[in-house]
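Chemist: sequence? don't have it. structure:
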C-alpha cells in the first residue's frame, strides 16, 4: 500500500452527502432529477404527491449538502443535480433492489 493517503475531510464530506440522500423521499427527488435535469419545486411535489413544505424541506437539505443546485427563473426556483456521480449511486441502489 505504501503511498495510500486517506483524506479525512473528503471522507467526512462523502459521509455527509450519503446521510443527506439516505431518506426515501430524497432518493425519490434525486431519481426524478435524474430523469428530468431541471424541475421546479411545484413539479417535484406534484410528481411525488407530497406537501410543498415537505418538498422544500428535503430540497433544502439536499442543496445544503451540495447534492443539488438551485436557480431562480422569475418567480420559480428550479433544482438540478450538482454532480452526475449521484445518479450512479441511485442506479446502483436500483440494481441492488432487483429480484
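Modeler: Ah, there it is. Not measured: the values here are computed from a predicted model.

Chemist: Could you pull out the strands in the protein for me?
Modeler: Ranges of strands in the chain, per DSSP state E, are 39-40, 68-73, 76-81.

Chemist: Contacts for the first one, please.
Modeler: In other words, strand 39-40. Residues outside strand 39-40 that contact it (C-beta atoms under 8 Å, 6 or more residues apart in numbering) are 32, 33, 47, 76, 77, 78, 79, 80. C-betas here are computed from N, CA, C, even on glycine.

Chemist: Please produce CSV containing those, extended by neighbour count and pLDDT.
Modeler: What follows is those, written out as CSV (neighbours: other C-beta atoms under 10 Å; pLDDT from 0 to 100):
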residue, neighbour count, pLDDT
32, 16, 93
33, 23, 92
47, 15, 97
76, 12, 94
77, 15, 94
78, 16, 97
79, 24, 97
80, 13, 95
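
Chemist: Export these as CSV, with columns for distance to residue 40.
Modeler: Shown next, in CSV, are these (distance: C-beta to C-beta, whole Å):
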residue, distance to residue 40
32, 11
33, 11
47, 10
76, 5
77, 7
78, 5
79, 8
80, 11
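
Chemist: on that earlier part again, output the strands of the chain in CSV; the columns should cover distance to residue 26.
Modeler: Below are those laid out as CSV (distance: least, C-beta to C-beta, whole Å):
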stretch, distance to residue 26
strand 39-40, 14
strand 68-73, 10
strand 76-81, 12
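
Chemist: nearest to residue 57, of the contacts of strand 39-40?
Modeler: Comparing the contacts of strand 39-40 against residue 57 with C-beta to C-beta places residue 79 closest, at 13.2 Å.

Chemist: who's that closest one bridged to?
Modeler: residue 39, residue 70 (DSSP bridges).

Chemist: quick one, what contacts it?
Modeler: By C-beta under 8 Å, 6+ apart, the contact set of residue 79 is 29, 33, 38-41, 44, 59, 62-63, 68-70.

Chemist: That's all I had, so thanks and see you.
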